[in-house]
Every structure is written in structure tokens, then in C-alpha cells.
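J.: fold the following and give me the result.
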Amino acid sequence: MQPWLAGLIGGIIWVSQWRSLPERPALCCAGLVTIAAVALLCGRYRAGRVCAGIALGCVLGVVHGVNTLQHRLPVECVRQPLTLWGTVASLPRVSTLREGVIRQRFEFDLRAVQAVHCVGPRRVLLSYYGEQPVVPGQRWRFEARLKRPWGLANPGAFNLQAWYAQTGIDAVGNASAGRVEYQPPAHARAGLRDRTRLAISERIARLPLAPAVTAILRAVTVADKSGIDNRLWSLLQHYGINHLLVISGLHVSLVAGAGYLAGRTALRLFLLAGWRASWLPGALALLCAGCYAALAGFSLATLRALCMLACFVLAALAGRRSGSANNLLLAAAVVLVLNPLAALGSGFWLSFLAVAALLWLSHWQRGTSLARRLLFTHLFMSLVMLPLGAWWFGGASLVAALANLVMIPLVGLVVVPLALLGVTCSLLGWSSAAAALWHLAGWPLQHLLPGAAELAHRYSPWLYHSIAASLPAVLLALLGVTLLALPGRRALAAAAPLLLLPLLLPLQAGVVREADRVTRITVLDVGQGTAVVLRAGSRALLYDTGGGDPEGVTMAHWVIVPYLRAQGVRSLDTLVVSHPDRDHSAGTATVRRAMAVHRFLRGGAEGRVAGGHPCRAGQSWRWPGGQTFRVLSPAGEAGLSSNNGSCVLQVDIDGYRLLLPGDIEAQRERLLVRRWGAALRSDWLLLAHHGSATSTTQTLLKTVRPDTVVISHGYANRFGHPHPDVLQTLRRNGLAPLATAELGALEFEVVAGRLVAVEAQRHRQRRYWM
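T.: Numbers count the residues shown, from 1 in each chain. So this is what the prediction gives:
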């Protein structure tokens, strides 16, 4: 293992975790280069080489970071109307929204921007709402409004901003109008790879197979995941086999193996003809793997496998032995040099740690039979992925070992080879043969998926379980699994289950509960919507379920449910949906499917939110810790608008009061003041209607007299919330609002009637690229 290479990797990863970059990056880099030079002079010492590697890694990380920030969209250009010229640089992800509106989402390489002061972004993630198909390689002119690559910040949820940084997205936006300025010919090099991928994906999508089957075939052939919806992803997650949707090192190795066998066959023919071409099998293996990696868009897993394969082949051609650990280290270094922010994604860690675990196991398995090695390897990797899955995804499949025992050979030895043969036939113009091969590849999936879906529906709690995993518990579990692989160490192997206990105990007991009198209020960052969680002891209340498409992706899927599971919440004591507007109610069905709800209250008109009981002024209940909940509005009046029919909830925590008013408007606020008077007094106020000018009157503020004001709104939203007039009203009352768009999720801790702590998620997870 090369010490300087390990240092290089560590240095690059370290910089990606910095909260800010140096104010004088050039001076910093010069200092780091000097350190590296001095360390190299001490090259005979291992520590010196490690220090040199760390210094060089830091230089690469800082240079990349400065370059990334310099190309971000300038703040003054946010949501300004702009004319963009550029080239479509990825496969479009097509989806149908409400009322049949078609959205095409794709990456767009900018060539020019109409406003000179907005020049800077190189790659933009655009959503185009026109009907004309977008094809990779085309040059377009778009009228668009852009935003900086801003993501939601919530504990336990997917970090979209890290994905933007890792992918190199400098801005995101919506295009309302566009036209093609250049259509590349079929043989043009620009966008040829992605056009080929798109053509293959469309041919597979047209097959008379179930949509889930064609979605899987598209994913494992050309890495097009646009057909994979939440339902299919959740199904595969229940069985722990969603990794099979990603073109991984396993698939690349199979293709490389086929190329190697073809090369060996050709080599025998060459030898009979008197030609010596010992390099042919390795070169053909590398060529086949490279072509497959190109079809996959050179994803992280394929790039890692390709780098390792290249190391083996080049070492063999040079007549030198190359250790697997060195190859893995070199592959990690290459991936990080090409993209210093690659380590921000779970794929980097899952990919390299899985291979490292295999290398570790192979070191101790020499001399055993092949069948025994394969079975033990499978069980070992299933145990390795348990803590990793718990850490990255907040849960694990309890049947993953059994499901993968069936699916890995099926997908790796049947589905993928047949599907790739179909791709080859398609590229050669043999459409009928391609369709037949794709049918054969999809046949086992066509018969397995319906049964798997039925089992998942009936026995979901027994298939997949959320795990609130801490980093120490994950590390202890990995150590325990590692000890299991040591042969002849029975005492250590016996201790391994004990090291797994901190991770597995939450399966039965949940996370360690705080006292009932400690109340945590979390205003989640759900963009232009609302979701507030109150927790005390073993009880939890959710006020509103965020926005999204109730028939598709919602904030409950991406934010609320992952957060609740990460906190060990298995059921809700109370769910309150203030009113039926989508930004408050879209995730209701998702939440109710994910966990039991003992009390469900809803505001607004009857029938617009399924189930539950209507909110009525005067309803109240109490938790064992002394938290009292009271509904203040509506009082059952007819003819109220959706906003004014919001369920207004007041919470009393040992004298510390919270007021959650939904989206009520000025008229309703004045009615509340007349009806409740001084009883409205609250210490903590969630601003009504996300800070809209229709709400938050001076009358309400004078009556409530809050000390803390929170605004839940989306970054650079199209409604202009919070309105400047509302902010001015707050300033006149000496109030400085806390906004989720700026601070991410906000967590408040109340003990004995006093607010004792306030934490902002964006401050907690601050990185320079955010």
C-alpha cells in the first residue's frame, strides 16, 4: 500500500468537509506545496510520504473548490429572466405532471448567457415544460429563470446540495420557452454517446413488458433510471436488492470477463497462424468494460471498476505483479482526482468499502472449497452492508441475504448478459433479435416482481426495518463483522455479536428516549410548504405533511418519513393537516402508509383530504409530560376558503406556548383576536402562509407578542415569500424571523417551560460548497 497515495486520498476528502475555503487560496496552496516538497525530502520515512500526499490532496481539493464556487450563479441573477444558449448534455428525465403537463429535466452545458453579469455557470440543471422532445447533443435557446444550486437541509434526509456539488451543477432553473438552434446529424460526435443511450432506452421502453421490468432493463443497460418510480424503488429496498439497479463493478466485471474469454479464443487462432498477441485478452477485456462504462455514463461504480481493471491489465502487460489493495487505492485516487467531491455521495463509500471487505475476506479464505467460499462471502457481504445501509439510508432489509442469494446470480448471469446482447444487436441494426433478447432478459423479472410486490404489501414490517443508527454503533458493527472473518479466532468471533447489539437493539426498543418533559419542536425544511414535528418521550405530533405531487414524489417521502425514522419514531400520536392545499397536505398518504397514526385531524373542506376527523375549535388533549394541545379554529363555519379553514393549533408546554396558524389570512387573524383575546398569547409563532402579504397583521402580532418567529418557505420561491411588507412589520415589532430557506431545519428544545436551545441544520452541516 502506497503511503503517499493514502495521504492524497485523505487530503482530498478532508478538504471536501471544510466549512469554508481559505481567504487567500493561492497563498494556502503555495504553503501546502512547500510542505509536500519538504515531506518528500524525508521520503525514506513513511510519515513523510503520507504528509506529502495529504498536502497535495489538499491542494487539489482547494483548487477544485475555488473553481466550483467561481462558477456558481451570481446572487443578483437569481430568478431573473435570462436567455440561455447551450447544448443538452444528458438524457432527459421525462415526467407527466398535473393536467398532463410534460416536464423534461436534463443537464445543459451553457455556451452563452444574455446578461453579461450572469456569465459564470458551466452546467445547469433545467426543467423544460415544452412538448418538443429534448435530445442530447442538440443546441437550444431557452428563456429561463435560474437559482443557485440550493438543497433542503434536514437531519436524516438526502442531501441534495451535496449531490449538486458532486455532479458539478452550477445552477438550476425552469425554462418556459425554448427552440432548437442546431440538430446534430446522426454521426456527429457531440452527444453521440447520450443519443445512443437514449435510443436504446426508448426501444426498451416500447417493449410489451410491465413498466417496472422495462425500467430495470433500461437501468442495467444504459443507466437510465427515469422509469424507476418510488413504488419500484421502495419494493426493491424492502428486499435489499436496489443496488442491482446500479451498473456496478459486478456488471463491469462480467462484461470484462466476456471480453477476456473472447480475447483468449482469438489468441488461440492467432497462435495457430503464427502471430503472437499475448496482450489481446486483457486489451479486449478493457475495451469491453470501457464501452459498457460509457453506456453507463461513466458512473462512480463503473469508473472504480474500470480503474482497477486497467491497473491489473497494465501491470500484467508490463510483467509486474500488482496487489489488489494497491489497485483499489489507486482507483480511489483516480476517482477523487477526477472529481474531488466524489466522496460526498454514498456510492463512493459503498462501492470502495464493499470491495475492501471482499479483499479482506479473500485474504483469510485461501484453501477452502469454492462453494464454501461463495456462500461465506455472500453472508459476510450481507452483514457488511447492514450497518452501511443503516447509516446511509436509515434502514435495512431483514431478508437481504436470502433475496440477494437468488437475485445476484439471476441478474448478473441471466438478465444483464441477455440485455447487453440485445444492446449489441440493436447497435448492429438487428431490431428483431434485440427485442427477442430483451424479452428473454425481462421474462424472469416479469414473473418475480408481482409476487414480490404482494409479499411486500402483506409482510412489510418483516421485510424492512428502519434503524436509527449512530456513527459509533455503525463502526462497532463493522468491527464485529470483520472479526467474524478471522479464521481460528473463536474468542474474537464470539464477541462479534456483542458488537452488533448497539446497531440492532433499536429494531426492538427504538432509540433511547428522553424524559417526557423534554419537548423538541422541529420545523423541517420542506421548501415551499410546512411540516412541524413535536416530540416528547415516546410521543410525536406532525403538523402538515409538506408539498409535492400526491400521486408521485412528495416531501414526506424525501424529508418527513426519513427524519421521523432517524429519530426512532415508529408511530404518530397525532397527525394534523391544517388544510388541503398541496404544500401542506401532499405527503399525507405517504406518512400514513409509513407509520401508524393514532389521531388524525384535518382542516378545510370535507373530502379533499381522505380520512381523519375535522378540526373544531375547542378540541384538546394532553400528553403525559404535561404538553397540552388545543384547536382554536375553525369553529365549524360554512363557506370558508381553503386558507381560512386552516386548523389553528396552540400548544402549551409548562407555560411555554406555540401557535401554528396554517395559512389563515388577515380577516381570520382578526377574528381569532376577537374570539380568544389574551389567550392567543404565545412565545413561539409559525408565520401564517409562509410570510405572504395576506397574513401576519399588526393586530395579531400585538396580541400574540411572540419572542420567536419562524417562517417555513422555499428558497427563491416564485411567490416572493416572505413578502417585504411582512418582514418590515416584524422589524417594527423588534422580531428577527428564523427562516428554513436560509437556515434549514430548525430544532427548538423546551424544558420546564423554557426555551433552552435552538439549532439550525444548515449551520450544523455547513460546508464550503453549500
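J.: only C-alpha atoms from now on, for both contacts and neighbour counts.
T.: Fine.
J.: which residues are in contact with Arg622?
T.: Going by Cα atoms under 8 Å, 6 or more residues apart in numbering, Arg622 touches Thr628, Phe629.
J.: so it versus Gly677, what's the distance?
T.: 22 Å (Cα to Cα, to the nearest Å).
J.: likewise Arg458?
T.: For Arg458, the distance to Gly677 - Cα to Cα - is 51 Å.
J.: more neighbours: which of those two?
T.: Using other Cα atoms under 10 Å, the more surrounded residue of Arg458 and Gly677 is Gly677, with 14 against 10.
J.: that one touches Thr703, doesn't it?
T.: Yes - in this structure, Gly677 is within contact of Thr703 by Cα atoms under 8 Å, at 7.1 Å.
J.: burial measure for the closest residue to Ile247 other than its chain neighbours, as a count.
T.: Spatial nearest neighbour of Ile247, excluding adjacent residues (Cα to Cα, 6 or more residues apart in numbering): Val220 at 5.6 Å. By the criterion of other Cα under 10 Å, Val220 has 24 neighbours.
J.: so what's Val220 up against?
T.: Val220 makes contacts with Leu244, Leu245, Val246, Ile247, Val416, as judged by Cα under 8 Å, 6+ apart.
J.: can you pull the contacts of the first one?
T.: The contact partners of Leu244, taken as Cα under 8 Å, 6+ apart, are Val220, Ile408, Val411.
J.: would you check how far apart it and Gly57 are?
T.: 33 Å.
J.: tell me the SS of Gly645?
T.: coil (DSSP: H, G, I helix; E, B strand; the rest coil).
J.: list the contacts of it.
T.: Gly645 neighbours (Cα under 8 Å, 6+ apart): His579, Gly603, Gly604, Ala605, Ser633, Pro634, Ile664.
J.: mind running it again at 6 Å?
T.: Gly603, Gly604, Pro634 (Cα atoms under 6 Å, 6 or more residues apart in numbering).
J.: same question, Val255
T.: Contact analysis of Val255 by Cα under 6 Å, 6+ apart lists Ala289.
J.: try it again at 7 Å.
T.: Neighbouring residues of Val255 by Cα atoms under 7 Å, 6 or more residues apart in numbering: Cys288, Ala289.
J.: do Leu8 as well
T.: Gly53, Ile54, Leu56, Gly57 are the contacts of Leu8 under Cα under 7 Å, 6+ apart.
J.: and these, which of them are in helices?
T.: Gly53, Ile54, Leu56, Gly57 (DSSP state H).
J.: can you count the residues close to the second one?
T.: Each residue near Ile54 was counted by other Cα under 10 Å, and the total is 28.
J.: doesn't Gly11 make contact with it?
T.: Yes - contact criterion Cα atoms under 7 Å: Ile54 and Gly11 qualify, at 4.2 Å.
J.: domain map for the protein?
T.: According to automatic domain parsing, the chain comprises the domains 3-70, 75-182, 241-360, 365-398+468-507, 518-763.
J.: in stretch 24-37, what's buried?
T.: Buried residues in stretch 24-37, counted by 16 or more other Cα atoms under 10 Å: Cys28, Cys29, Leu32, Val33, Ile35, Ala36, Ala37.
J.: please apply the same query to stretch 458-472.
T.: Here stretch 458-472 shows Ser460, Leu463, Tyr464, His465, Ser466, Ile467, Ala468, Ala469 as buried, counting by 16+ other Cα under 10 Å.
J.: identify the farthest-apart pair in those residues.
T.: Ser460 and Ala469 (20.3 Å; Cα to Cα).
J.: point out where the stretch 151-300 of the chain drops to low pLDDT.
T.: 182, 185-190, 270-277, 300 (pLDDT under 70).
J.: at 80 instead, please
T.: 177-192, 230, 244-251, 253-254, 263-282, 297-300 (pLDDT under 80).
J.: likewise the stretch 351-500 of the chain?
T.: In the stretch 351-500 of the chain, residues with pLDDT under 80: 361-373, 394-395, 460-462, 465-470, 483-500.
J.: mind putting the contacts of Gly645 in JSON lines, secondary structure, distance to Glu551 and neighbour count included?
T.: Converted to JSON lines, these look like this (DSSP: H, G, I helix; E, B strand; the rest coil; distance: Cα to Cα, whole Å; neighbours: other Cα atoms under 10 Å):
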{"residue": "Gly603", "secondary structure": "coil", "distance to Glu551": "21", "neighbour count": "28"}
{"residue": "Gly604", "secondary structure": "coil", "distance to Glu551": "20", "neighbour count": "25"}
{"residue": "Pro634", "secondary structure": "coil", "distance to Glu551": "28", "neighbour count": "22"}
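J.: closest one of the residues you listed to Arg373?
T.: Gly603 (59.8 Å).
J.: which ones are touching that closest one?
T.: Counting by Cα under 7 Å, 6+ apart, Gly603 has contacts Val577, Ser578, His579, Pro614, Cys615, Gly645, Ser646, Cys647.
J.: quick revisit: which of the contacts of Gly645 scores worst on pLDDT?
T.: The member of the contacts of Gly645 with the lowest pLDDT is Gly604, at 79.
J.: these two touch, right, it and Ser642?
T.: Yes - with contact defined as Cα under 7 Å, Gly604 and Ser642 form a contacting pair (5.4 Å).
J.: any residues in contact with both of these two?
T.: What both Gly604 and Ser642 touch, as defined by Cα under 7 Å, 6+ apart, is the set His579, Pro580.
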